[in-house]
Each structure stands twice: as C-alpha cells, then as structure tokens.
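give me the fold of what follows.
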Amino acid sequence: YMYPTSLLSLLPDITKHIYDKSGKTKHECHTPTSSLSGEGVIALSGAPNLFLTRKMSDFRSYRSYLAALAAVVVLLTSTVVRSASAKKPNVLFVVVDDLAPAFEQYGYPAITPNMGKLAARSVQFNNAYVSIAVCAPSRTAFLTGLRPDTTQVWTIGPYFRNTSRGRGMQVITLPQLFRMHGYNATGAGKIFHPGTPSGGLMSSEGGGDMCPEQSVVQNCSSRPGLAEPGSWTEPYWFCDQYTNDTVQSPAMQQWECSQHGKSIDPATVFQWPSCGGGCVQNDTCIACFKACGTWGQQGAWDACECPEECYPEGVIADQTLRILGDKTADSRPWFHAVGFKRPHLSYRAPKKYFDQYDVSKIPLPLHRGPSLSAPSISYCHSCVADNHADGTRTPTGDVYGAGTVLYEDPRAANGCVKSVVNRTTAFNGTYQSYVEINMDDAAVRDLRRAYYAVISLTDNRLGTVLDYLESSGLVSNTIITLIGDHGYQNGEKGEWCKSTLFELATRIPMYVSVPDSIAPRGRGGPFPLGSAVPHSLIAKSADSGWRRGVTTDAIVESVDLYVTLADLAGLPLPKGQPLSGETLRPLLASASDAEGSVPTSSRNKTWALSQWPRRPSCTYTHGCQDGHGNPYDMEPDQAVMGYKLRTTTWAYICWFGFNWGNNGDPNGDASVPVWDEIYARELYTHVGDDGTMESGEKFEWDNVVDEPDNAAVVRALHSQLVDIIKQGLVKPFASVGQ
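Numbering: from 1, shown residues only. Presented below is the predicted three-dimensional model:
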C-alpha cells in the first residue's frame, strides 16, 4: 500500500516496523519514494495481516492490540484508496444534432433501446431547455457556459472568439477547461458547429476551435499551450454531411492541411500540425449509394440497403471506439466529445430502420397550422417537402375554416400549401401573413417516420459506444452526458425544424450519469470534488449516492452542464467568466446524500431562458428563414429579439426591439434590448403538462396574454424576465479587471 507520510505523521508513537501475529518483525517500511499528490508516501508490502505498532508488549492483550489498530487500518486504507487509485473521472460528452425528446423514453414513437440503457444508469431530465434553437449559437452557449447575449452569437455565422463583447480570446470552453487541467480532450463528429462559426475559413467545414491564435489559414502548428485558447489536446476529428450522401470533413475533401495524404483510410491518425482530420467514405460505400440512386442527390429522406458504417453515425461511433481504445492505455484522465449528425435533415439511414415503423400508424400533428391567437412574429414556417411524393396526392386544404384563409396556392407535387392569412396581430397590424404548410397527410407521415428512423440509427451507434465503456471497465470512472443541441418541430402548428421559441423547438433530451468513483458530498467524507469513494463506501454509494434510472421534472438548461461537469470533476471555474449555469448536483445526488431533503431544494434556478432574433419581414411574408448570417447586417430589416421565460407553470414570451450598435458591435458596447419597444407578447399555461407526445402543441396553442385575469401574472413574469436577461448583458472578465 502507499501511505501518505502526512498521515503517518499523525501517529508519532507508532514505530516504522511491521509485525506479524507473533510479534516478530516481518518487513521494514520503505523510504518515501514518490508522490501522487505532492506529498511523500510510505510503501508497505507484505501479507494482509500485518500491523503497525510500537511493540506487542505495549498492549495489554492481542485483542486490545487489534482493536487499537483497527481504526488506524481503516483510516489508512480509506486514504490509500483515495490517493493511490483515485484517478480523476473521465467524461463522455454526447451531443446529438436536432434531437428532440421524440423517442420512447419520453413517450414518443422513436424506438431507442440504447437510450433506455443510458436512462437506466442516469437521471433523465424531462424539462431541459437550450438558450437558442439553432445549431451554432446553441452549441456555443453550452460549450462556453455563456448566454447568446454574452457571446453575441445568435445565428449560424459569427465565431465567439471574434465577438463575446471583445473578450472572445479569453473565453475558456468546456473541453478547454478540462484540457487545461491535465485531461486529454478529444472530439469526433459535430460538437462545435463546423466552419466559420468555430474558426474555419469555409462556411461549413473546418474550424472546431482548435487553435484560434496560431494561424489565419486554420493549420495549427502545434497543440495549444495550457494558457492558449483552443479546445482540444489532439487535432479535431470532423464528421458532418451535406444534404446528400457525401460525408463532410477536411479529410474527405482532401485538404492538404489535414495531413491526410493521398490515401483515404478511416483509421488514419491525425497529428500536429493539422487543420483537423475527419470521416471518409470508402469506395464500397460510395458504390452502394450510387446503386441506391441517392449519391449526390438532395432530398428530405432516403432509405438504402447500405451498412451503418457508410453513414456519419457509423463512422463517428467507430472513431470513438478507436479513441477510447487508445485512452485505456493512457494514464491521463480524458474528456471525449461525440457529436452525432442525425436526426438532422436530410433523414438518411439503412432501410431496416425505416422498416421498424408502420407509416400508416405514425400520428399526425395535433394542429396542422399556426394558432391565430399567437403573433405572426412567433412563426418561421419553413415547409419541408416530401421528395418521395408522387405528385398525385391532393393536399387536405384549409385548416382554419371558412373565411379565415384569403388565398391558397396548393403545390400537390410536394404537399406544401401557401396560404395568406389576414393577421390583425401581425407586425404593424396591417400586413398579411404568408404561411406555407405541408398539408399532405401521407407526406407528413413519411417525414415523421423518417425522423424517427434516423433517431433509431443514432441510437444503435450510441449503443456500440456504451457497450465498449461497459466491456472495457471505463464506465466505472466515467461521467456520461447526452443532450440534443435543440428541439425539433415535425409539422406541429405548420412548423418544421427549429428557429422558434415554442416548446418543441427549445426543449431537449438530457441525461447525466455519474459513476460511483465520484464521492457524493456528505457520505463518509467530505471528500474533495473528483476524488474516489473509499472502497468501503462504494456499496452504499451505489445504493444511495447517485440517482439512477429516475426522471426529474425540474427545469434545467443546457448551460448548466458546464458548471455541473466542472463540479463533478473537481475543476475550478474560470475566474471572471460570467457562467450562466448552475450545478445539477442536487438533482443527481440522492435525497439521503442531501440529509433527507428533496433533491431540487438546493437549486436556486427554477426557470429557463431562451431567445430568438426575428427579422421583421419574416413576420409577414415568411419568405425567409432566420438563423443564418448576422441579424445586424440587414438594415432596414434588422432583427428584433424574442425572449422566453419558462417556469414550471408558465411560458412567457416578449419580443423587444434590439440595439445592434455599429458594425456588429464587436466590443459589445451596445447589443441590448430596447426595453420600451415591445412588438408582441405571449403567455401559455403549462399546468398539467406532462411533456409527452402532443403536449408541446397542446399547451402552447392558446395565447392568453391579454386575458384580464392574467394581468398580474404577466407583470410579474415580465419583471422577472427583464432581470434575467440583464444577467447576460455583461462583458466577460470585467469583474477581474481584464
């Protein structure tokens, strides 16, 4: 055993001899040799029945000798386990693109047995929300722990290192935090949004926040230093996909700076200098897609008889297994991020996953068009057409009833119907609202089935990663988290994809699994955060230390993960970085570890904040889709900003004018709402909302903001919303004088 010398020094009367039961000297203590935590250690070897004592004759009996030493042995053993075998916990951080809680563990149709395995060892959060419902800004938020108003990243386009109110280079990302504290931080797939939103030179490739200070040609000359910005220990491994069957990465596109060479080999190891590696498709996969007729063809969905390894989900999982295999022989703790592409459009998966679903039994949306009680500014209306529609089906038609829709232009070939609705609640009270809705029942069922099918594909590949963690033993010291980067709308209220503030766009699945190797506070300790639980306490910890296989309805946010993972791993938070999250530990630890209290009682935050920038023209023509480009670059069509406050019983939304400053306001001197410029408000009750199928539509259909009985509620929620928004309108590191 390795005993810290500081512990032995607490026992001055005990000589450094080891005796067997006869009282004769058996072994001598070794001289202090090495240190696990900066202090000397004493190495003791020999049979397990050896004891420390002055000498046997000093004790009245052998029984008293044993009794006296029992406490010493327990004290030494518990310290030894923590010091010698306490490796900091590993982290597997899983992000799934466009994944709503639309699978069976949340009461939806998608078949996900491996999500079930994860749920059995995790806490499932039923009410988790993102800061903004589109890929790049949402990922920026939870990877930095900062709200969009702090990073000034509201759309797909800006890079937080170039914004963040002039302090972007000082921001410490979640993987960077772990890298700075000795972790081997790696990633595979889509974690940061690739391309310009994460430092790449192209709109949708490269970047990955690898080495923002080193080069403008995105070729990192070396691993970032500990004090240098950059998220990863090793070159990032990209894997995205165009809206066809072609995978997307510097390796597949044969960038010279990826150091990939002339060969295309999925098992290539990428080293510095590099602009990143990534997934490739071999000739067999390409031939399979060509035979299926989908190679290079765009469309909302396709099903081919090609193996999983030909899809991004397959190669991302395979790369993760290779990376985890390397980590088993690495003495360093690790942080590995896995970013699955599906269920992002287009929905492509092997045919067997589509065959799991009877399309005739796929439920249609509860509401096929937008609510007339909601303001037009709330809606995006990007109609998704079914590329497999044969052009002979007739759309259902008017969803509002006679006299509401003024004009319809059905396009039966793809199922979309363009309607003009006279909206007195539109932007200035006079504009008509153009609404495009897919009204073909068969097409909507096809699209919804395809969404569920690709979720099942991702679930299958997730299962291979979880199985490896189990078989390798890594799971015993690995924190596992899984989230979607935002919610998703599949025809509900006529909406598809994301880009709104509605429940279905902002609510995500979230799982957190904590291993027994991390000590819950208050159990036999206190032990330092990130320390190992003494072996004698593991059985108790497994029973009551961490909650597993349970759900919670507590309202949480994706930005809470930054603080939570740092907390669980025992890492200090960046000083001066105005993190918006709050640790989830009280929801993860069992009630007994909180001395009998309800797990939610020690969390201060019981709400979630989301926002969305909307251009005025989109509120009445819907001829554009927000979420790309810079919202301040569109004068005189600069966006207004909608904010949503979600509490346990209400969803309150207010659309404010917004001061974008000059030239994008790079130093963050402006970029604040115009508080007295309110364009629209919404109020929806969530009393009785169980979060299952259709609840997102059902509870956000009737806008009751103008009902007299709700006036006091609106005033209170508005005041609370303004106070919360102001917390994000800050410059990072201002509090530490930087």
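
now residue 490: phi and psi?
For residue 490, the backbone dihedrals (degrees, to the nearest 10) come out as phi -120, psi 60.

check which helix or strand the residue nearest to it when sequence neighbours are not counted maps to.
Counting by CB to CB, 6 or more residues apart in numbering, residue 448 is the residue found nearest to residue 490 once chain neighbours are left out, at 5.0 Å. C-beta here means a position set from N, CA and C on the backbone, and glycine is covered the same way. Using DSSP states H and E, residue 448 maps to helix 441-472.

for the helix or strand following that helix, buried residues please.
Next along the chain after helix 441-472, taking DSSP H and E as the criterion, comes strand 478-484. By neighbour count on 16 or more other CB atoms under 10 Å, the buried set for strand 478-484 is 478, 479, 480, 481, 482, 483, 484.

parallel or antiparallel, list what pairs with strand 478-484.
Here strand 478-484 is paired, per DSSP bridges, with strand 90-96 (parallel), strand 507-513 (antiparallel).

for the residue sitting nearest the centre point of the chain, give the beta-bridge partners.
Centrality entry for the chain: nearest residue to the mean C-alpha point is residue 483, 4.0 Å, by CA atoms, centre = their mean. Partner residues in beta bridges with residue 483, using DSSP bridges, are residue 95, residue 510.

my read is that it contacts residue 556, right?
No: using CB atoms under 8 Å, residue 483 makes no contact with residue 556, being 10.3 Å away.

tell me, what's touching these two both at once?
128, 510 (CB atoms under 8 Å, 6 or more residues apart in numbering).

tell me which element residue 337 falls in.
Going by DSSP H and E, residue 337 is in strand 334-340.

give me the angle between that strand and strand 90-96.
10 degrees (axes from the mean of the first three to the mean of the last three CA atoms, to 10 degrees).

between the buried residues of strand 478-484, which is nearest residue 290?
residue 484 (31.9 Å; CB to CB).

ok, and the closest non-adjacent residue to the closest one?
residue 99 is the one closest to residue 484 (CB to CB, 6+ apart), at 3.3 Å.

what about that neighbour, which SS state?
Residue 99 falls in the coil class when you classify it by DSSP: H, G, I helix; E, B strand; the rest coil.

was I right about it contacting residue 510?
No: counting by CB under 8 Å, residue 99 does not reach residue 510; the two are 10.3 Å apart.

what touches both of those two?
Common neighbours of residue 99 and residue 510 (CB under 8 Å, 6+ apart) are residue 483.

which one of those two has more residues nearby?
residue 99 (29 against 26; other CB atoms under 10 Å).

any idea how far residue 112 is from that one?
Going from residue 99 to residue 112 by CB to CB, to the nearest Å gives 10 Å.

next one: residue 375
36 Å.

and the strands in the stretch 301-450 of the chain?
For the stretch 301-450 of the chain, the strands defined by DSSP state E, counting those that start in this stretch cover 301-304, 334-340, 347-350, 405-411, 416-422, 432-438.

lowest average confidence across those strands, which one?
The weakest mean pLDDT among these belongs to strand 405-411, with a mean of 45.

what's the neighbour count on residue 355?
10.

contacts only, for it.
By CB under 8 Å, 6+ apart, residue 355 has no neighbours at all.

now swap in the one 10 residues further on and tell me
For residue 365, the contacting residues are 444, 490, 491, 492, 493, 697, by CB under 8 Å, 6+ apart.

which residues of the stretch 201-350 of the chain score low on pLDDT?
Applying pLDDT under 70 to the stretch 201-350 of the chain flags the ranges 215-218, 259-267.

residue boundaries of the helices in it?
Secondary structure of the stretch 201-350 of the chain (DSSP state H, counting those that start in this stretch): helices at 283-292, 312-327.

dump those helices to a markdown table, plus distance to residue 690 and mean neighbour count.
Below are those laid out as a markdown table (distance: least, CB to CB, whole Å; neighbours: other CB atoms under 10 Å):
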| stretch | distance to residue 690 | mean neighbour count |
| --- | --- | --- |
| helix 283-292 | 40 | 15 |
| helix 312-327 | 30 | 21 |
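
nearest to residue 255 among the ones you listed would be which one?
Comparing the helices of the stretch 201-350 of the chain against residue 255 with CB to CB, the closest turns out to be helix 312-327 (17.4 Å).

quick revisit: in JSON lines, list the strands paired with strand 478-484 along with mean pLDDT and distance to residue 501.
Output for the strands paired with strand 478-484, formatted as JSON lines (pLDDT from 0 to 100; distance: least, CB to CB, whole Å):
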{"stretch": "strand 90-96", "mean pLDDT": "98", "distance to residue 501": "21"}
{"stretch": "strand 507-513", "mean pLDDT": "98", "distance to residue 501": "11"}
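
and of those strands, who's closest to residue 310?
Per CB to CB, nearest to residue 310 of those: strand 90-96, 19.1 Å.

give the buried residues for that closest one.
90, 91, 92, 93, 94, 95, 96.

for the closest residue to residue 232 other than its chain neighbours, give the beta-bridge partners.
Among residues not flanking residue 232 along the chain, residue 185 sits closest, at 5.4 Å (CB to CB, 6+ apart). Under DSSP bridges, the beta-bridge partners of residue 185 are residue 335.

for residue 185, give me its contacts.
175, 176, 178, 179, 231, 232, 233, 234, 334, 335, 336, 337.

next: residue 149.
611, 671, 725, 728, 729 are the contacts of residue 149 under CB under 8 Å, 6+ apart.

swap in 7 Å and give it another go.
Under the criterion of CB atoms under 7 Å, 6 or more residues apart in numbering, the neighbours of residue 149 are 671, 728, 729.
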